[in-house]
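**Student:** build me a model:
(chains A and B, ligands or ions: 5)
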Amino acid sequence: MFELRFHGRGGQGAVMAAQTLAEAAVIEGNYAVAFPFFGAERRGAPVLAFARIDSKKIFSKTQVYVPDCVVVLDDSLLDTIDVVSGIKPEGSVVINSKEEPDEIDLGKELRTGAIDATSVALEILKAPITNTAILGALARVTGIVKIESIEEAVKTRFGERLGARVGERNALAARIAYEKTVIGISKGIKKLETKKQWLPSYQELPVGGALIEGRTEAGLIGPGSFIENKVSGWATFRPVRDKAKCTMCLLCWFYCPEGTIVRISDRGDLMTNYDYCKGCGVCENECPVDAIKMVRGRV
Amino acid sequence: MITIKTLSDENLFTAGHTACPGCGVAMSIRNAIRVLGKDTVVYVPASCAVVFGTTFPYGAWKVPFFHTAFENTGACLTGMQAAFEIKGKHVISAGFAGDGGTYDIGLQSMSGAAERNDDVLYICLDNEAYMNTGIQRSGGTPFGAWTTTTPVGKKIQGNRRFKKNLGDIVTAHEIPYYATLSIGHPLDFIRKVEKAKNIKGFRFLHMFTPCVPGWKIDPAKSVEITKRAVESGMWTLYEFENGKKKITYKPGKMKSVKDYLLMQGRFRHMSEEDIKILQMWVCKKWNLHYKEKGEPDICEIVQPEEHHGITEEHREMHGP
Ligand SMILES: Cc1ncc(C[n+]2csc(CCOP(=O)(O)OP(=O)(O)O)c2C)c(N)n1
Ligand code: SF4
Ligand code: SF4
Ligand code: SF4
Ligand SMILES: [Mg+2]
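**Tutor:** Ligands and ions are numbered 1, 2, ... in the order given. The predicted structure is shown next:
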């Protein structure tokens, strides 16, 4: 049995990728299952999906803890999540990244295929939706399914939902990614500690679950503790403000859903704290004097 | 009077919450609590806002926050306020409930608090469907909209019912203050929240809050959409005070609903015929709200052709 774990962010289509892979495997006469981790994740938040492929019927229903392959749709996840946790030593990694495999530090030396799927998606699909491109790379790195089967599965699955033309475009994105994928060995330097959880005994739990502000081994808890949750990894584009053009109308400051635009120097100026910017683009869209431009990548 | 310039810098709903990029609910909550200030206690029932604002043991609220079930916002507010009154503490008890939690499941509880004219602030964050559980139709979903429970099929496309007139239901309780708000109209927004803050008795703020995945929109457009909604009459900015209704923003000339619909994936399937039906519903509302005495009807009301899903009963209720 070949087991896969997909790491993505809500809205990137990790679940759809796992399901499409399973369909491709079925096209080739194998058995396959695919399912998401059930949580309350919104767009941009880290999500998980799983798939299993076998020549026999599959009875295992658990999450995948010892994957043969890990697929990462967004390399910003590497900063906070040990994506290769539990992977088999001979396992492989498929990752959406601008970097070459031997520049990517996964904390383990693993056979790794890298593809800049975001660029492929932006070019072919005109949107940063990378789930079909990554499947092309997956076919290349693992050989677990043929690229032709991926193309067929993509065409049917996406075609049915979004029309034949969208299906074709997505199949093309998979093919281009298949051809462009670079395979190498990842670096194994960093020691990633997964964030500790707050696990109080029942005696320690306050009555009614009522929390006051406090610091635990899991960091801040209680009122306002989300401030330790850096969400910058959610953004594909980030706003850059042209100070000379800005009239300080404060509309961007008012609208920003994150509260990441703050007033400084005695309220005479603005600053964007990129730790909390999710790159929604509302500030750019609403600025009456076009002082804000969204740019790709880190600024 | 508070303006954008004098609005507090303090983030009482902190950054680091987990709403989708461009979430209209997050924008509305952040600014409402900025106006209400720190002497506020907040209740949020099951909804997106409870999940992205608090994931035990973490939370974005820096004011006391309380959560129990889905259907009881009105009752919880009443109880909270009573407890604080007994303790001699002066606070604003504010509830932030979704449209599902207000139009449908929480209606009786809200009605009870309104009927008793309890001294609480009820805020409805209307994103026009049950978003937290993956986009199901609510009483607040507009005609034609796709949701997972009003799918687009060959025979029937999207929601066949019209958005429930919640404003009239709420104001029928003869409460001191009800207002509709939109995040795309900041001055009106701030003024109404401030007004509701300072009134005694049951106040209801009805906020129009775009949802990025639920409406299938570009996150950057979520504020722009609220402006188009108001310009086309799909959302009306008004307030109801001491038995009198007053429009607080009157668009110059009515824009076609198409202008509003085309920006959103949830309406993209709509047939010309369905758009006409929705346009007529809007015209009726427009004439009701905006037409001055003696002015002719603004819209031509066109009789639609026979249409599946629209019954005689519907016609009686919602116009020709
Ligand atoms: C009694 C009950 N029924 C169903 C649910 C599941 N549930 C949680 S949130 C939610 C949807 C909330 O919709 P809405 O009130 O419109 O808020 P939104 O998420 O759209 O902001 C549902 C159905 C529940 N928590 N309790
Ligand atoms: S892009 Fe969105 S989250 Fe980032 S600063 Fe602008 S409005 Fe705020
Ligand atoms: S919206 Fe534009 S002009 Fe207004 S404060 Fe922001 S950057 Fe400056
Ligand atoms: S699903 Fe909609 S309402 Fe919920 S967090 Fe996302 S944008 Fe906001
Ligand atoms: Mg809702």
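**Student:** strands along the chain, start to end?
**Tutor:** In the absence of a named chain, chain A is used. Under the criterion DSSP state E, chain A contains strands at A:2-9, A:31-36, A:46-54, A:69-72, A:92-96, A:111-115, A:182-185, A:214-216, A:219-221, A:237-241, A:261-264, A:269-272, A:292-296.
**Student:** was after chain B, sorry
**Tutor:** For chain B, the strands defined by DSSP E cover B:40-43, B:54-55, B:58-59, B:65-66, B:92-98, B:121-126, B:177-182, B:203-208, B:238-241, B:244-247.
**Student:** closest one to ligand 1 among the ones you listed?
**Tutor:** Of all those, strand B:92-98 sits nearest to ligand 1, with 2.1 Å by C-beta to the nearest ligand atom. C-beta: built from backbone N, CA, C; applies to glycine.
**Student:** can you check which of the strands of chain A gets nearest to B:Ile86?
**Tutor:** Evaluated over the strands of chain A, closeness to B:Ile86 peaks at strand A:214-216, with 27.7 Å, by C-beta to C-beta.
**Student:** any idea how far the closest one is from the chain center?
**Tutor:** Relative to the mean C-alpha coordinate of its chain, strand A:214-216 is positioned 29 Å out (C-alpha atoms, centre = their mean, to the nearest Å).
**Student:** pretty sure A:Asp269 is touching A:Arg263, no?
**Tutor:** Yes. With contact defined as C-beta atoms under 8 Å, A:Asp269 reaches A:Arg263; the gap is 7.4 Å.
**Student:** who has more neighbours, these two?
**Tutor:** A:Arg263 (16 against 13; other C-beta atoms under 10 Å in any protein chain shown).
**Student:** show me what contacts residue 208?
**Tutor:** No chain specified, so I'll use chain A. With C-beta atoms under 8 Å, 6 or more residues apart in numbering or on different chains as the criterion, no residue contacts A:Gly208.
**Student:** not quite, go with chain B.
**Tutor:** B:Gly24, B:Asp126, B:Thr180, B:Leu181, B:Ser182, B:Ile183, B:Thr226, B:Ala229, B:Trp235 are the contacts of B:Phe208 under C-beta under 8 Å, 6+ apart.
**Student:** give me the number of residues near the residue lying closest to the third one once chain neighbours are set aside?
**Tutor:** Just to be clear, that refers to B:Thr180. Distance criterion C-beta to C-beta, 6 or more residues apart in numbering or on different chains; nearest residue to B:Thr180, sequence neighbours excluded, is B:His206 at 4.7 Å. Residues lying near B:His206 (other C-beta under 10 Å) number 24.
**Student:** hey, what's B:His206 bridged with?
**Tutor:** B:His206 forms beta bridges with B:Cys124, B:Thr180, as assigned by DSSP bridges.
**Student:** on the pLDDT front, check it for me.
**Tutor:** B:His206 is assigned a predicted lDDT (pLDDT) of 98.
**Student:** that one and B:Leu181, how far apart?
**Tutor:** 7 Å (C-beta to C-beta, to the nearest Å).
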